[in-house]
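Q: only geometry, no sequence info:
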């Protein structure tokens with residue numbers, strides 16, 4: 001079995017993260033991950049999403065984990081969807097027939113939780129990786 005895992009990094013280089021901002025980012029990110037999982041046929045209810053492996057050396061970073069067993073194919077489909085959304089043109093997004101518009105809109109809501117000079121970084125894992133192999137920033 002495989003699992004869904006994405007690293008989030010907030011306010012890199014800053015002095016901590018305001019608690020209110022952490023709450024907002026966590027809520028919007030959980031919805032986004034849940035919607036994306038649904039788009040690719042994975043059932044991961046709200047209460048199953050976990051935050052793990054906290055690291056305060058980068059202001060705040062942690063892994064999100066769906067907490068449900070999935071196949072390697074499902075993990076790859078989730079990651080492909082995440083990469084697709086992170087590469088969309090924000091002005092004129094063109095959907096791929098798998099990812100729904102609501103999922104893309106939810107992704108954008110995560111960026112609304114941070115100040116103009118800040119960003120939320122997403123670290124992409126493959127099943128065998130202990131560290132993210134690729135990063136994408138949203139601001």
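A: Structure's in. What do you need? None of the values given here were measured: they were computed from a predicted structure. Residues are numbered from 1 along each chain as shown.
Q: so how far is residue 55 from residue 133?
A: Per C-beta to C-beta, to the nearest Å, residue 133 is found 17 Å from residue 55. The way it works is simple: take the backbone N, C-alpha and C, and place the C-beta from them, glycine included.
Q: again, but for residue 124
A: To residue 55, residue 124 is 17 Å away according to C-beta to C-beta.
Q: Name the residue in those two with the higher neighbour count.
A: residue 124 (17 against 12; other C-beta atoms under 10 Å).
Q: Apart from its chain neighbours, what residue comes closest to residue 55?
A: Counting by C-beta to C-beta, 6 or more residues apart in numbering, residue 61 is the residue found nearest to residue 55 once chain neighbours are left out, at 4.4 Å.
Q: Helices of this protein, start to end?
A: With helices called from DSSP state H, the chain shows them at 19-39, 72-86, 101-111.
Q: mind listing what's buried in the second one?
A: Pointing back at helix 72-86 there. 74-75, 77-79, 81-82, 84-85 (16 or more other C-beta atoms under 10 Å).
Q: Over to the first one?
A: The neighbour-count criterion (16+ other C-beta under 10 Å) identifies 21-22, 24-26, 28-37, 39 as the buried residues of helix 19-39.
Q: Residue 41: neighbouring residues, count only.
A: A count of nearby residues for residue 41, using other C-beta under 10 Å, gives 12.
Q: Can you give me every residue that contacts the residue found closest to it once you drop the neighbours it is linked to in the chain?
A: Distances taken as C-beta to C-beta, 6+ apart put residue 74 closest to residue 41, at 6.8 Å, once the chain neighbours are dropped. Counting by C-beta atoms under 8 Å, 6 or more residues apart in numbering, residue 74 makes contact with 2, 40-42.
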